[in-house]
Every structure is written in structure tokens, then in C-alpha cells.
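1. let's see this in three dimensions:
(4 chains)
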There are 2 protein chains.
Amino acid sequence: MARALLEALRRRDVLADHVRTIADADAMARVGTYDVLVLDRRLPDGEGLDLVAALRQRKHPVPILVLTALGGVDHRVDGLDSGADDYLAKPFAIEELLARLRALQRRGPAVSDRYLSFGNLSVDPRTNEVSIGGALVEFPRREYLVVEALMRRPNRIVTRPNLIEAVYALEDEIGSNALDAHISRIRKKLLLTEASVEIRSVRNIGYLIRAKA
Amino acid sequence: MARALLEALRRRDVLADHVRTIADADAMARVGTYDVLVLDRRLPDGEGLDLVAALRQRKHPVPILVLTALGGVDHRVDGLDSGADDYLAKPFAIEELLARLRALQRRGPAVSDRYLSFGNLSVDPRTNEVSIGGALVEFPRREYLVVEALMRRPNRIVTRPNLIEAVYALEDEIGSNALDAHISRIRKKLLLTEASVEIRSVRNIGYLIRAKA
DNA sequence: CTGCGTGTAATGTAGCCGCAATCTTTGGCT
DNA sequence: AGCCAAAGATTGCGGCTACATTACACGCAG
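-> I've put the predicted structure just below:
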């Protein structure tokens, strides 16, 4: 069954990983960044819904589709109420599963390296390149990381701690206005290139990128 | 059918509105803040999926569950791919519908982050932005917190202690009329921007926001 | 050695916000 | 009805501080 599914997904250029146990799935969910999780209820080491509950308790945001042979209405209700986002009873048409996966992915958090575009500014996380009005603009590493972090949530505040984490990852870099300095340099570039966006500060909170006034 | 559904929802303390046409639903979605939209495919003035497509094109974020008598797999695929988040074929168990609605609502933004709207004033807790009559109005941090706290319970009294807690969180700020001063400044802005709401004081208790007399 | 990236520190600046003084409103009391 | 005290409204002032900007130094790479 898993093999058939994987094959069907592969044929449609969907990237998928497969593990057999709850423990493995848990581990994968911890490290990997997946758009959707497909879960069977009957698994070698337990009940799939327990994993759903565990993930949700940890506030794990990944959309989950539960797949099962237990088709009764009450089973479906239990499944959904445990924190799953969709529930499909076997047997099912592969096309329906794929459509439901698409629906879930559409809603899920942005894929981590999708092209980011806002105003006349765009960012390619794969190549770390920034274009403004179609023209490539050089952004050194740290400045780039700030821009990318802001572009992941245009029009929304990105907190100072978030930005620092995005730029300095693990390295504990504290006690200076380095971030402010980067912001200032980025702003200068945005001005020179006549970008249609600006970085606004939100006192005591952080920054956000938005369309220029 | 709609009547039965409404009745079932009401019995479970779910607040629901019902309209019969696509046009009405569209209008409701524009102004109202709903957690989920339940949509039939066959409607007096057209095909429900067209509304889904229209809403999605406008980037309307509301989760949509499509309900229909057309139960074939390909119909379901079409429904999901048009931008709906779930698809349920009639006949269905009311319990399953309710569970799916819960799942959809769960996935939406947390209640605390939802867009707050009342009169021609709206507040976005994610960005800490306030718009009046569609226009962005600047509210500094403390004033913003007051507005947000009031907007969370429109037409209802928010006590002075509650407001102070909302604005000053942990910091122990006592002994002045700072809160009154903020209220005053907010009122001035509401006047200047011709807001349709006003802040009324309730002697010895607190304040409330309500439609202007 | 030279140039760029980046952290640091110094300096400048804006605007929030608390304070207090003054004025207005409210509600209770006789 | 009229008065008073207390609550609330309003306003200008000023200090504080987060943020902006700039210059500079260090380090690494070519």
C-alpha cells in the first residue's frame, strides 16, 4: 500500500519520504520540513492518532491527513478531533487523496524555499539572490538573511529575537546594535534602487516590510 | 437542509449565519469575520465553486468546506482543486460535518490573532495596525494596546484593571492618570478620522467601545 | 596589500508616554 | 433644585529611550 502510494506520488513529481513506525515518523517530523503528513492509524508500534496528539501538543503545525480502514463516522470524528486536518477512509481513489493533499498543502505554511516576492522586490532562497525591479542587487550574507526573514512575512511584524535568530542562527550574538546597523544598510540600498517597499520599525517589537507609503 | 444544519449547529453553541445565494455569501464574506464557510455547490444563482475561486483570487483566507450531492471522485477533486479546504458528499453524518468544521477552525489563525472589526474600525493583532474606514491610522504602542483590548469586547465594558493589565502587562505602573490620557489621545484620533465608533466611560468601572450615537 | 563585510561605539533624533495642573462631568445628598 | 466631592477629560511639558545613522576597526579573502 505504501509502495503504491509512493509510486503514485513520485509519478506526479511529489517528493515523499516513508517510514513504517510512529517513532520514526515522530523523528522525521522533528527534523524535517514537510508540507503534509499522511498517517495510517494501525501502525506496528501503536495507534497513529497518538502521534497526532503528540505533535499537536508540541504545537507542531504540519497538516496531517489520517488514512484508515476504520471507516465509521465515529472513527472519523475521533480522528479529526484528535487534531488531524483531514480523514480519508479506505478504500479511496488515489486522485481524491492527491487532491486532498493539494488542499492541505495550499493551506500549510509556505514551503521553505519558494520564491518570495513582494512589491518589486523578490528573493530566491535557493540562490540567495535579491532582485529589485527586475535587477539583481547584491546583498551580503547577513543583510540577505535579514531581508529573507522579513520577506517571509511581508506586512507582518518580525520580532527582534526572531530576526536575530534568523541572522545569527545558533551563534550567540548579543549586546550591540548590529541588527540595527544591518537594517540601516538595507534601507540605504532600498532607497538607491528605488524599491517599492520599505522597512518599518515597530518600537519595542521588531520590524516589518511593507509597501512604501 | 439548511434549517436542519443551523439547528444542529445552534444546539452545539456554534454561531452561524445563513444566506441562500452566492451573491449574499460573497457580501457576507467581505464584511464578516467567519471561522469557516460551508458552501453548497448547487445554488440559485450559480455554482458554488465559482465563489470559492473568486474568494481565493482575492486571497480571502477563510477556510471553506464544500457540500454537495455530486459525490463522484472527480467532482471531489474538482472541488478541492478549486481552492476549497474540504469536501463532503451528501448524504453525510452531521457529526462528521461538525468534526470537519472543528478541524478547519483549528487550522485557522488562533482566536487571539484574528482580525478584529467593529464599525468602520479594524485592528490586526498580527501587525498591530489599525484602520479606520479603510485607511491606516498610526497608533503608538500603548494606545494600540488599549484599542485592541477594547475591540476584543465591543459593546461591552472593559474594566479599568483589565485595561491597565492589557497595557502594562507585567510592569507595575501605578499612580497617575496615564490610562485616561491614552483614552483621551485615542478619542482625538477617532474624531479626526471620523470613526463610526466612540469610547464611552462607565463611571467607577471602565470603558467600552460602541457605535457612535 | 587592498577591499569588502561586519561588529562596535558614539552621536543624533524623534516621539512616546508619564506627569501634573486645570477644567468638565457626574451622581449623591440634603 | 442646588451644591459638593470625586471621577474623568484634556492638555502642555519634558525626560527618557529605542531606534537611526555614521564612522571606524578588525578580519578574512583574493
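
2. how far away is the residue located most distally from the centre of chain A from A:D78?
-> In chain A, counting by CA atoms, centre = their mean, A:G72 sits farthest out from the average C-alpha position, at 32.7 Å. Going from A:G72 to A:D78 by CB to CB, to the nearest Å gives 9 Å. For glycine as for every other residue, the C-beta is placed from the backbone atoms N, C-alpha and C.

3. still on that earlier bit, where does the residue farthest from the centre of chain A land on pLDDT?
-> With respect to pLDDT, A:G72 scores 74.

4. do A:V111 as well
-> With respect to pLDDT, A:V111 scores 54.

5. check A:I186 too.
-> Looking at A:I186, its pLDDT reads 93.

6. ok, how many other residues are close to it?
-> For A:I186, the count of nearby residues is 22 (other CB atoms under 10 Å in any protein chain shown).

7. now swap in A:N120 and tell me
-> So A:N120, with other CB under 10 Å, has 17 neighbours.

8. same question, A:V123
-> 22.

9. next, it: secondary structure please.
-> Applying DSSP: H, G, I helix; E, B strand; the rest coil to A:V123 yields a three-state assignment of strand.

10. who's it bridged to?
-> A:L116, A:V130 (DSSP bridges).

11. for it, what are its contacts?
-> By CB atoms under 8 Å, 6 or more residues apart in numbering or on different chains, the contact set of A:V123 is A:Y115, A:L116, A:S117, A:E129, A:V130, A:V147, A:E148, A:M151.

12. strands of chain A, start to end?
-> Secondary structure of chain A (DSSP state E): strands at A:37-40, A:42-43, A:46-47, A:64-68, A:86-89, A:116-118, A:121-124, A:129-132, A:135-137, A:158-159, A:197-202, A:206-211.

13. helices or strands up against the last one?
-> Pointing back at strand A:206-211 there. Using 3 or more CB pairs under 8 Å, 6 or more residues apart in numbering or on different chains; DSSP states H and E, the elements in contact with strand A:206-211 are helix A:141-151, strand A:158-159, helix A:160-168, strand A:197-202.

14. just how off-centre is the second one within its chain?
-> Here strand A:158-159 shows a centroid-to-chain-centroid distance of 16 Å under the convention CA atoms, centre = their mean, to the nearest Å.

15. what about the residue lying closest to A:S122 once chain neighbours are set aside, how many residues nearby?
-> If you skip the residues right next to it in sequence, A:S122 has A:S131 as its closest partner in space, 5.2 Å away by CB to CB, 6 or more residues apart in numbering or on different chains. Here the number of neighbours of A:S131 (other CB under 10 Å) works out to 15.

16. hmm, A:G46 is touching A:D24, no?
-> No: contact criterion CB atoms under 8 Å: A:G46 and A:D24 do not qualify, at 11.9 Å.

17. near DNA strand C, which residues of chain A are found?
-> By CB under 7 Å from any atom of the strand, the residues of chain A that approach DNA strand C are A:138, A:140-143, A:168, A:173, A:175-178, A:180-182, A:185, A:203.

18. among those residues, which are in reach of DNA strand D?
-> Within these, those near DNA strand D by CB under 7 Å from any atom of the strand are A:N177, A:D180, A:A181, A:R185, A:R203.

19. who wins for neighbours among those residues?
-> The most crowded member of those, judged by other CB under 10 Å, is A:R185 (15 neighbours).

20. excluding chain neighbours, give the residue nearest to that residue in space.
-> A:E143 (6.0 Å).

21. just the pLDDT for A:A169.
-> The predicted local confidence for A:A169 is 67.

22. before we move on, back to that, and the buried ones among the contacts of A:V123, selectable in ChimeraX?
-> A single ChimeraX command is used to select the members of these judged buried by 16 or more other CB atoms under 10 Å in any protein chain shown:
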select /A:116,130,147,148,151
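
23. tell me which two of the contacts of A:V123 sit farthest apart.
-> Spatially, the most separated pair among the contacts of A:V123 is A:Y115 and A:V147, at 13.7 Å (CB to CB).

24. around DNA strand D, pick out the residues from chain A.
-> Residues of chain A lying near DNA strand D (CB under 7 Å from any atom of the strand): A:160, A:177, A:180-181, A:183-185, A:187-188, A:201-206.

25. try it again at 10 Å.
-> A:159-160, A:176-188, A:191, A:199-207 (CB under 10 Å from any atom of the strand).

26. thinking again about what came up before, got the helices and strands packed on strand A:206-211 as CSV, with distance to B:I64 columns?
-> Shown next, in CSV, are these (distance: least, CB to CB, whole Å):
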stretch, distance to B:I64
helix A:141-151, 28
strand A:158-159, 29
helix A:160-168, 31
strand A:197-202, 31
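
27. perfect, that will be all.
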